[in-house]
Every structure is written in structure tokens, then in C-alpha cells.
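quick one: sequence and predicted model below, then my questions.
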Amino acid sequence: MKILVVSQYFWPESFIINDLVKNLSVQGHDIKVLTGKPNYPDGAVFDGYSASGCTEEHYESLVRVYRAPLRPRGSSGAKNLILNYLSFVVNGLRFYPGAVKNEGFDAILVFAPSPITSVIPAIYLKWKLKSHLAVWVQDLWPESLSATGFIKNKSVLRIVGWLVKGIYAFVDTLLVQSRAFSEPVARYADPRKVVYYPNSFQDVPPNLESTQLPPQLLAELQNNFCLVFAGNLGTAQSVETLVEVASKLRHLSGLRIVLVGSGSMLSWIEGQKQSRQLDNLILAGRFPASEMPQFFSRAAGLLVTLKQDETFSYTIPSKVQAYLAAGRPIIAALDGEGARVIQEANAGLTSPAQDAEGMASNIEQLFRMTSDERESLGSSGRAYYLEHFEMERQSQRLIEILDARINELEGRSK
């Protein structure tokens, strides 16, 4: 199959779409990617790239990548973020049609975390190329805008809802990363378009003899009972819960809570660590995705938290798939679909979102388990990952879905 991928975010930025594209290419499909200049998450264009001008390159030798100009998102501020979003739409409409001139594609796939407006250039390409348009919905709009506090005005949220409904009207297939997404997405689209297609994960075994982790951090991981949280340290992740948990567990000698990553709440966490003298809370800093197996393989357990909000209860945090693949017990403080997956996999212990008391109790329970009991939880999670979220299998599943949907729509039009 020949597939045109449209994504505001792509390699060398770290997103799941990178590994999916790689797997599809290895499996023999012809993939071309239309994207912008890499600048996530720090907001500055990566070394070797310029915000202006169009460029072409190859990813993993086989995948053609075309990059349109993009205004960097900057270090902070809603204005910078909005201008970043708009620049992708405007420059995508301006430059992408020329990038695919005289080419044909069986399908266009849009990778759609926020913002949903990134679909707009692909709508024009669908019309121009007469191709099937599929959107992989990673975030619920307008619900997520309200949940994060980015937009609070109900009238504005209603207008965004109309925008979403308009965008979805032009889409042929809406792939949702969580079963719980189906109903909210169907509020704005024909339910027949909605297909469950979960996020997957590319499992890479750790090279324990070669790592960028500093010796002092390695010693902490090897000599203590470490619970690792990896990812963005922002408001949606309810990092306040992690700080409270660290405070409640100071009595457990040798237990460490290791936060790997950065984000808008990092300075607040640093202040809490210092003022509350939380020596059991380790701020490891940010590391490339390739180093995550080094943390996971040395962890006694892996942590995931989300803010208490109905919208967040619909999602499966992407780190859950990575944690399941690592074969380590998971301790989660979250509601809804993410908790359901962990429970169904028998991969760890869960408590409600923002329940620091419950999470601390579960961590202490894990701490006092035998190594065989912890190993059993990790093995169950690993088996569940292989069945439901393994990248190679899910890449094949995507092609099956697209083939079926294309044939279905062609059958309806006859």
C-alpha cells in the first residue's frame, strides 16, 4: 500500500508515529511523510534544521520526508503555541500539494495529537489526490482543551466543537487510540467512521553495557528499590500526587521514586523536594527515548499518574504500553481506560487518580511482595503487551483496517 503520512510531529522528535512508519516501510509499504521542522518539546528548532524553507530527507533510508516551514512553539505562552499550530496549517496548505504533485496514494494517514487543526492540510490533499483520509485521534477536542485549562470559555469551546465536527465530516476513517474514545468522537462524527486502533510500542531490549546514564544515577537504580516515572512532568500528569507519595513513603528505607523527564511542573517539584527534604525523590532529568529501557530494566516498578478529569479517564497514557513491554509491575493512580488495561493485564496495582494515599499503599504492598510475586505481575503485563500492543502486529493491523474501510466505502458508492 502507498500511504501519505501527515504529522506536525516526526523524527527526530520522539513520537509513536516514527516507529509505526518504520515498521510499515519494513513490511514493504511505500510511505511518504509530510511534516514540519522539529522543535518539540523545547520549542527551539533542532540543530541541523532551519525554521524557514522546505527540505527533503530520508528516514531509515526508505521513507521520504518532506518538511515545510514551521514557526517554533517557543519556550512558553499560549500565543506562541497558537502561532505554531497555525503555521503548520498555513504552510501545509501552501507547500504540501506541490510536494506530492503527480503522485498517487491509496490512503492519507494523519497522526493527530493536539492540535486537531493539523488535519486541515490533509483534507485539501484528500480532495486533490482523491485518496482515503484516515485520522489517528490521540487527543479529544474540545474536551482536552477544557480539561487542561487551556480554554475555559464555554462559548469558545462550543466553537471549537463546531470546528471539530467540520473536520471530522471530511474524514473517511477515525482511528481512536482508546475504546473509551469511541463515544466522545462519535458525538462529532458518523459512528460508522470510528474504528478502535490502539497505540502500540516498539520494544527495544536495553544494552546494559552501553548507556548515557551517569554512574551516580546507575548506582541509585541498582542499589535501591526504585519506582520509575518516565515522561512529561506537567499539570495533566498530576505530579503533585507523586510528590505526596514520596512524602508518605519516607519510612521505607531504600525506596526511591525516580522521575525521568521534564515539563512545566519541574521547577515546582524541585522546590517541593528541597522544602520538604524529600531525599527519596530523585529528579533524573531528561534522556532520549533510546535510554528508557535502561531505566525500566533496573526498576522494581513503574509509575503512571493522571489528573482526575473525565476526559483523561478516556485515554490510555502512551507510557502504559511501554511499561507493559518492559515486563515490570505497574503502580497507577488514574481512572478509566488506563486503569482498566492494567487491571485486565494483571500487570500491577491501581488506585483512583490523585489518590496519593492509595498509591502509597500500593507501592508499599509491592515493596513487601516477594520477588516471585513481582515477577508474576511483570510477566502478565508483558504477555498482554505482546497480544494487544506489539508494534509489528499493530502495523499489519493498520493495513487491514485501511483495506477494509477503503473497500467498504467503494462498495457503498456503487
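That came through, no problem.

now residue 163: how far from residue 315?
Between residue 163 and residue 315 the computed distance is 21 Å (Cβ to Cβ, to the nearest Å). All C-beta spots, glycine's among them, are computed from the backbone N, C-alpha and C.

so between the two, which is more surrounded?
Shown here are residue 163 and residue 315; by other Cβ atoms under 10 Å, residue 315 has more neighbours (24 against 16).

which residues touch the residue lying closest to the more buried one once chain neighbours are set aside?
Once flanking residues are discounted, residue 315 sits nearest to residue 178: 5.4 Å by Cβ to Cβ, 6 or more residues apart in numbering. Contacts for residue 178 were tallied using Cβ atoms under 8 Å, 6 or more residues apart in numbering; they are 196, 198, 314-316, 337.

ramachandran coordinates for residue 62?
Backbone torsions of residue 62, given as degrees, to the nearest 10, read phi -100, psi -30.

ok, the closest residue in space to it that isn't next to it in sequence - contacts?
Among residues not flanking residue 62 along the chain, residue 25 sits closest, at 4.6 Å (Cβ to Cβ, 6+ apart). Shown in contact with residue 25 (Cβ under 8 Å, 6+ apart): 31, 60, 62-63.

residue 323 too?
Counting by Cβ under 8 Å, 6+ apart, residue 323 touches 296, 302, 304, 330, 347, 381.

in this protein, which spans are strands?
Using DSSP state E, the strands of the chain run over 2-6, 30-35, 55-59, 63-67, 107-112, 132-137, 173-176, 194-196, 225-230, 255-260, 281-285, 301-305, 330-333, 348-351.

CA atoms of the first one as PDB?
Below are the C-alpha coordinates for strand 2-6, written out as PDB (Å, rounded to 0.1, in the frame of the first residue of the first chain):
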ATOM      1  CA  LYS A   2       1.200   3.500  -0.700                       C
ATOM      2  CA  ILE A   3       0.500   5.800   2.200                       C
ATOM      3  CA  LEU A   4       1.000   9.500   2.700                       C
ATOM      4  CA  VAL A   5       1.500  10.400   6.400                       C
ATOM      5  CA  VAL A   6       0.700  13.900   7.500                       C
END
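
who's in contact with it?
For strand 2-6, the external contacting residues (Cβ under 8 Å, 6+ apart) are 17, 21, 24, 29-35, 92, 96, 100, 104-111, 118-119, 121-122, 125, 129, 131, 402.

same thing with stretch 392-406?
Here stretch 392-406 has contacts from 1, 3, 20, 23-24, 27, 29, 106-107, 109, 132, 134, 172-173, 175, 195, 197-198, 200, using Cβ under 8 Å, 6+ apart.

against residue 260, how distant is residue 271?
Using Cβ to Cβ, we find residue 271 at a distance of 19 Å from residue 260.

give me the more crowded residue out of those two.
residue 260 (23 against 11).

wait, the more buried one touches residue 288, no?
No - the criterion here is Cβ atoms under 8 Å, and residue 260 misses it with residue 288 at 11.0 Å.

re the thing from before, which of the contacts of strand 2-6 count as buried?
By neighbour count, with 16 or more other Cβ atoms under 10 Å, the contacts of strand 2-6 hold 17, 21, 24, 29-35, 92, 96, 100, 105-111, 118-119, 121-122, 125, 129, 131, 402 as buried.

pick out the residue nearest the middle of the protein.
The chain has residue 318 as the residue nearest its centroid, 4.5 Å off, counting by Cα atoms, centre = their mean.

list the contacts for residue 116?
Applying Cβ under 8 Å, 6+ apart to residue 116 gives the contacts 139, 141, 163-164, 167.

can I get those in a markdown table with pLDDT?
Converted to a markdown table, those look like this (pLDDT from 0 to 100):
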| residue | pLDDT |
| --- | --- |
| 139 | 88 |
| 141 | 84 |
| 163 | 93 |
| 164 | 92 |
| 167 | 96 |
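
so where's this structure uncertain?
208, 413-414 (pLDDT under 70).

care to break it down by domain?
The record assigns the chain these domain ranges, following automatic domain parsing: 2-200+390-413, 215-388.

starting at the chain centroid, how far to the longest one?
Spelled out, it's domain 2-200+390-413. How far domain 2-200+390-413 lies from its chain's middle: 13 Å, per Cα atoms, centre = their mean, to the nearest Å.

and what of the last one?
Averaging C-alpha positions (Cα atoms, centre = their mean) puts domain 215-388 16 Å from its chain's average.

first-to-last residue distance for that domain?
Using Cα to Cα, to the nearest Å, one end of domain 215-388 lies 36 Å from the other.

what's the neighbour count on the closest residue to the residue nearest to the centre of the chain other than its chain neighbours?
In this structure, residue 318 finds its nearest non-sequential neighbour in residue 199, 5.4 Å apart by Cβ to Cβ, 6+ apart. Using other Cβ under 10 Å, residue 199 is surrounded by 20 other residues.

repeat for the one 5 residues further on
The local packing of residue 204 (other Cβ under 10 Å) involves 12 other residues.

need the contact list for it.
Residue 204 neighbours (Cβ under 8 Å, 6+ apart): 290, 293.

coming back round to it: would you check how far apart the residue nearest to residue 62 and residue 63 are?
5 Å.
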